[in-house]
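# can't give you the sequence, but here's the structure:
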Ligand code: FES
């Protein structure tokens, strides 16, 4: 049984946008579906709170590729906050619809994006914590305590 894909979905599958990876990404999100076995990885570069670049790698079906492709086009240039609110239904609408059994491909694309954003935010938190004076003081105390306990008496 042939699935009824729109012309736009077929075009994104045949000529995907933003395919590839980013060296030293600011955020990385990897997702997979245990039922169909498809996988996606998203790589983000963020500058001044905006998504400067996004790339993806797909190990999946035609709509896995097409949905990731159209989503990357849409979110490039968005603020991180805007991208956090991006919905899978926007992908489906942009593609002019998806066969019912392929809706989960768009859901997976958004899950991958959310994971990449969560990874970006976790890295930001770790980076700012390591720069804070309170953290530096704690690290100094720990280092000093380790030094003292290692000394011979
Ligand atoms: Fe599972 Fe497309 S069939 S992501």
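Noted; the coordinates are in hand. Keep in mind that this is a model prediction, so the values were computed, not measured.

# pLDDT weak spots in this structure?
Along the chain, the model assigns pLDDT under 70 to residues 1, 135-140, 142-143, 146-147, 149-153.

# burial measure for residue 24, as a count.
Burial of residue 24, expressed as a neighbour count using other CB atoms under 10 Å, amounts to 6. For glycine as for every other residue, the C-beta is placed from the backbone atoms N, C-alpha and C.

# Alongside the ligand, which residues does the protein contribute?
For the chain, the residues found near the ligand under the criterion CB under 6 Å from any ligand atom are 33, 36, 38, 60-61, 63-64, 102, 104-105, 108.

# go with 5 Å
In this structure, the chain approaches the ligand at residues 33, 36, 38, 60-61, 64, 105, judged by CB under 5 Å from any ligand atom.

# Make a PyMOL selection of the buried ones in those residues.
PyMOL command restricting those to the buried ones, with burial defined by 16 or more other CB atoms under 10 Å:
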select buried, resi 33+38+60+61+64+105
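
# Out of the residues of the chain next to the ligand, name the ones that lie in helices.
Those of the residues of the chain next to the ligand mapping onto helices are 64, 105, per DSSP state H.

# The residues of the chain next to the ligand: which two are farthest apart?
The distance between the two most remote of the residues of the chain next to the ligand (CB to CB) is 9.9 Å, for 33 and 61.

# Now tabulate the residues of the chain next to the ligand in TSV and tack on distance to residue 80.
What follows is the residues of the chain next to the ligand, written out as TSV (distance: CB to CB, whole Å):
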residue	distance to residue 80
33	25
36	29
38	26
60	25
61	28
64	24
105	24
